[in-house]
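Colleague: How does the following fold in three dimensions:
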Amino acid sequence: MLGLVLQLAIVAKAPIDTAQPVNFHAMVMPDTVFVGQQVTYEVGVFLDDQLRLRLRRNPEFVPPEPRAMLAYDLPTATAPGARRVGDHEYEVHVFERAFFPLEAGRYVIPAAELSYSLPLSMSFFSREESHTLAAESLAVVALAPPAAGRPANYAGAVGELHVDERLDAHRVRAGDPVLLTVLVGGRGNVKLLPRPTVAFSWGSAVAAEERVRVDTTTPDVRGTKEFDWVVTPRDTGALALPPLGYPYFNPYTERYEIALTRADTLRVGAGSLAPLDTTRVDASPPLAIRTIYRGNLPSPPYTRPEFFAAAACAPIPALALGGVRRVRRRRRRVLSAADRLRLLSRSRRPVPAPTLRRAYVAALAERFALSPATLTERGALSHVLRREGCTGPSGQRVERLLDSLDRTAYGPGPDLPKDIARQVYTAFSCVAREARKRIVPLLLLGAVLGVTAKALDLGETRAAEQFRQGLTAYARHEYGTAAMRFAAAGHLAPRAADAWANAGTAAWVAGDTADAVVGWQRAARLEAFARDVHERLALVRASQEGPIASPPRVDVGLVASIALGCWILLCLLVALWPGRLKVFVTLLGVLAATGALGAALLDEAASGAKLVVVGPSAGLTSSPALGAEHVAALDAGDVGRVEERSGAWVRVRLDGDRDGWVEIGRTTPIGE
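Modeller: Numbering: from 1, shown residues only. As a prediction, this is how the structure comes out:
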């Protein structure tokens with residue numbers, strides 16, 4: 001295993017800063033893949049020998065959790081590696097995880113975090129100083145398999161695959177069912193491989209169970225997926241099972257290939273066929289799913305600004321009516337610079353040149369963007385006005401009038417005509433009418449709103465398309481593919497309860513209890529009154545009815561609205577009949593406060609922010625270490641609340657007074 005660490009790219013290629021006692025880096029290989037191809041994510045912690053001797057406890061490591069990609073933890077070395085840079089010797093600890101993009105696009109892997117503490121002195125009772133490091137945030141580009149050369153019956157399989165088949169019996173009688181199993185395995189994410197197409201002219205084939213075995217003990221994720229069919233022959237004799245072709249895209253050779261099974265023979269003897277109705281195998285899905293997609297459910301009312309605005313404005317009538325009346329002061333109308341110039345133009349008395357100039361310049365600056373140089377350089381003002389859309393004579397007239405006012409205001413200039421104020425206002429009105437309207441900010445705002453709406457609509461459209469593909473796959477009994485499609489729709493539209501409910505049902509039928517609980521829990525926390533989801537949760541062996549696991553049965557938006565109504569009614573009563581109906585007012589106050597507190601608690605429960613679902617083969621340990629004492633076994637689908645994190649481990653509390661540590665890779669968060 002030490003040799004494995006020495007061969008990792010992060011050990012040899014990560015940049016090392018010898019001035020830092022701890023170097024923390026990450027990399028992905030490769031950074032451009034096809035959809036369904038493995039991306040290997042590596043994180044390296046480089047500890048200087050001198051710092052390693054000062055550590056009193058292990059650093060805490062928090063791996064990234066990117067969205068819309070399936071993740072598998074890869075094996076880690078039992079002994080750390082080493083790297084020498086100059087005179088510095090570093091102990092290297094490596095974490096590896098395999099990611100599989102679910103659809104084409106650009107994916108961002110968040111930065112991993114590392115926390116460690118160092119004593120300030122060599123004393124045993126010395127205080128410690130905490131340090132936190134963040135690795136690089138990386139990006140991965142996933143490409144869709146090319147359309148050129150794609151086989152007609154290609155269903156989306158990606159990897160380096162092989163297929164095989166077997167029959168549970170080679171000699172049967174006509175009408176007797178036989179179990180046909182097709183095994184698809186190899187290098188890749190076998191969990192999402194689609195079901196092959198099987199049909200025989202001499203009998204019927206009905207899809208049955210699917211089984212998945214994933215092997216993550218090697219750097220490349222491998223495994224096998226088995227598909228069962230119940231085959232019922234109608235003809236007799238030696239019936240040929242021709243080679244089954246399974247098309248797939250090989251991302252390592254970048255071309256489509258077809259894996260073939262070996263030919264086989266089924267010998268069918270004569271038999272008495274029962275009526276067709278009694279031998280037909282029911283091919284309908286075992287559990288019903290939602291067929292109507294409603295998209296993202298509306299956000300709760302308490303998350304909108306108008307909700308808090310109503311709560312804040314409710315006491316205003318009471319404060320206004322109960323306060324001391326004050327004499328209303330008449331507000332003086334604030335005149336604009338153009339209005340002041342208009343008033344000066346109507347004045348019957350001569351207007352001083354400095355006063356008229358100030359009003360003239362203020363009106364121009366209010367309407368146009370003028371710099372100080374524009375008012376001092378000859379020809380600059382008329383040039384600016386021409387750029388604003390004014391005609392040449394109008395701009396020159398404005399500049400001539402300003403020049404006359406300057407000479408008279410700042411020196412012994414010529415005598416101004418008596419109607420100079422009217423001429424100035426007329427010239428300003430002319431250029432104000434000719435200039436273009438300032439609608440650019442409105443256009444920019446409209447463009448931003450349009451782009452935002454289009455992006456939201458695009459996300460909804462993609463989610464609806466994934467939901468439709470999930471319905472098609474479920475109808476074809478491709479339950480693993482259906483679960484993946486519904487989950488992808490849920491990630492694109494996080495408040496789409498229909499997508500999460502169907503993702504849980506499809507995963508349950510496919511035999512994935514943990515993913516089923518994740519989908520149903522998310523749907524139940526979005527729709528508190530969804531009876532179908534609560535009935536499905538009752539199917540799970542792990543109890544979903546405890547104070548930790550049980551989703552809220554009351555809609556938090558309804559409770560918040562009732563609390564707001566009580567608060568508004570209380571404020572109206574205080575405003576209309578102050579000092580009266582004290583019992584009723586007190587009761588409304590208690591209801592409003594209780595409702596607000598209950599809404600806050602229900603909102604925290606509905607978010608599921610600290611809740612995780614435990615995967616299969618997980619167990620509680622007494623401490624965050626592989627060799628720690630085993631406390632209790634857990635069922636797939638157990639729901640726990642995260643109490644503490646320590647590196648790749650989390651301490652969870654579950655219903656039934658169970659508490660212990662679980663590997664974070666064996667848990668899935670409920671809150672998005």
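
Colleague: mind listing what the closest residue to residue 252 other than its chain neighbours touches?
Modeller: Nearest in space to residue 252, with sequence neighbours left out and distances taken as CB to CB, 6 or more residues apart in numbering, is residue 160 at 6.0 Å. Using the backbone N, CA and C atoms, a C-beta is placed for each residue, glycine as well. Counting by CB atoms under 8 Å, 6 or more residues apart in numbering, residue 160 makes contact with 186-188, 250, 252.

Colleague: Looking at those, which is nearest residue 51?
Modeller: Relative to residue 51, the closest of the contacts of residue 160 is residue 187; by CB to CB it sits at 39.2 Å.

Colleague: Test my guess that the closest one contacts residue 159.
Modeller: Yes - the criterion here is CB atoms under 8 Å, and residue 187 meets it with residue 159 at 5.6 Å.

Colleague: For residue 549, which non-adjacent residue is spatially closest?
Modeller: In space, and not counting its chain neighbours, residue 549 is closest to residue 639: 3.6 Å by CB to CB, 6+ apart.

Colleague: Look up phi and psi at the one you found.
Modeller: Phi and psi for residue 639, reported as degrees, to the nearest 10, are phi -110, psi 130.

Colleague: What of residue 619?
Modeller: The phi/psi pair for residue 619 (degrees, to the nearest 10) is phi -150, psi 160.

Colleague: and it, what are its bridge partners?
Modeller: Legend: beta-bridge partners of residue 619 under DSSP bridges are residue 633.

Colleague: and it, how far is that from residue 463?
Modeller: 36 Å (CB to CB, to the nearest Å).

Colleague: ok, those two, which is more surrounded?
Modeller: Using other CB atoms under 10 Å, the more surrounded residue of residue 619 and residue 463 is residue 463, with 23 against 15.

Colleague: Name the next helix or strand downstream of the one helix or strand that one maps to, please.
Modeller: Assessed by DSSP states H and E, residue 463 sits inside helix 440-475. With elements assigned by DSSP H and E, the helix or strand that comes after helix 440-475 is helix 479-492.

Colleague: what's the distance between the helix or strand just after that next one and the middle of its chain?
Modeller: Proceeding C-terminally, helix 479-492 gives way to helix 497-509 as the next helix or strand, assigned by DSSP H and E. For helix 497-509, the separation from the chain centroid amounts to 18 Å (computed by CA atoms, centre = their mean, to the nearest Å).

Colleague: what angle do helix 497-509 and helix 479-492 make?
Modeller: 150 degrees (axes from the mean of the first three to the mean of the last three CA atoms, to 10 degrees).

Colleague: For helix 497-509, which residues meet the burial criterion?
Modeller: Using 16 or more other CB atoms under 10 Å as the test for burial, helix 497-509 gives 497-509.

Colleague: can you check stretch 227-240 too?
Modeller: Using 16+ other CB under 10 Å as the test for burial, stretch 227-240 gives 227-234, 239.

Colleague: neighbouring contacts of it?
Modeller: Everything outside stretch 227-240 that qualifies as a contact, by CB under 8 Å, 6+ apart, is 172, 174-182, 184, 195-196, 198, 200, 202-210, 263-271, 273, 279, 281.

Colleague: what does stretch 307-316 give?
Modeller: Contacts with stretch 307-316, where a contact means CB under 8 Å, 6+ apart, come from 301-302, 560, 564, 567-568, 571-572.

Colleague: Show me the strands in the stretch 251-400 of the chain, by range?
Modeller: Under the criterion DSSP state E, counting those that start in this stretch, strands of the stretch 251-400 of the chain are mapped to 255-260, 264-269.

Colleague: Helix, strand, or coil at residue 532?
Modeller: helix (DSSP: H, G, I helix; E, B strand; the rest coil).

Colleague: From residue 497, how far out is it?
Modeller: For residue 532, the distance to residue 497 - CB to CB - is 11 Å.

Colleague: what does residue 207 give?
Modeller: Counting by CB to CB - residue 207 and residue 497 are separated by 28 Å.

Colleague: what about residue 146, neighbour count?
Modeller: Residue 146 has 12 nearby residues by other CB under 10 Å.

Colleague: quick one, what contacts it?
Modeller: Neighbouring residues of residue 146 by CB under 8 Å, 6+ apart: residue 254.

Colleague: For it, give me the pLDDT.
Modeller: For residue 146, the pLDDT comes out at 92.

Colleague: do residue 249 as well
Modeller: Reported pLDDT for residue 249: 94.

Colleague: Tell me where the stretch 301-450 of the chain has helices.
Modeller: According to DSSP state H, counting those that start in this stretch, the stretch 301-450 of the chain carries its helices in the segments 305-313, 316-322, 337-345, 353-367, 372-376, 380-387, 392-410, 420-434, 440-475.

Colleague: Break this protein down into its structural domains.
Modeller: Domain assignment for the chain, taken from automatic domain parsing, gives 2-143, 160-279, 295-325+440-606, 337-434, 608-672.

Colleague: what's the average pLDDT for the longest one?
Modeller: The average pLDDT within domain 295-325+440-606 is 80.

Colleague: ok, residue 384 touching residue 375?
Modeller: No - judged on CB under 8 Å, residue 384 makes no contact with residue 375 at a distance of 10.0 Å.

Colleague: So those two - more neighbours on which side?
Modeller: residue 384 (19 against 16).

Colleague: Leaving aside the residues adjacent along the chain, what's closest to the more buried one?
Modeller: In space, and not counting its chain neighbours, residue 384 is closest to residue 374: 5.5 Å by CB to CB, 6+ apart.

Colleague: ok, that neighbour to residue 495 distance?
Modeller: Here the distance between residue 374 and residue 495 works out to 53 Å (CB to CB).

Colleague: ranges for the strands of the stretch 101-250 of the chain?
Modeller: Using DSSP E, counting those that start in this stretch, strands in the stretch 101-250 of the chain cover 105-109, 113-119, 128-134, 138-143, 160-167, 171-173, 178-187, 203-215, 222-233, 237-241, 245-250.

Colleague: can you list the contacts of residue 160 in a markdown table and add distance to residue 314?
Modeller: A markdown table is the format used below for these (distance: CB to CB, whole Å):
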| residue | distance to residue 314 |
| --- | --- |
| 186 | 65 |
| 187 | 64 |
| 188 | 60 |
| 250 | 66 |
| 252 | 66 |
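
Colleague: Pull out the buried positions in stretch 533-550.
Modeller: Quick answer for stretch 533-550 (16+ other CB under 10 Å): 533-534, 536-537, 540, 542-544, 548-550.

Colleague: same thing with stretch 251-263?
Modeller: 251, 256, 259, 261.

Colleague: Please tabulate those residues in a markdown table, including the columns distance to residue 427.
Modeller: Output for those, formatted as a markdown table (distance: CB to CB, whole Å):
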| residue | distance to residue 427 |
| --- | --- |
| 251 | 73 |
| 256 | 76 |
| 259 | 85 |
| 261 | 92 |
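
Colleague: Looking at those residues, which one is closest to residue 47?
Modeller: residue 251 (35.8 Å).
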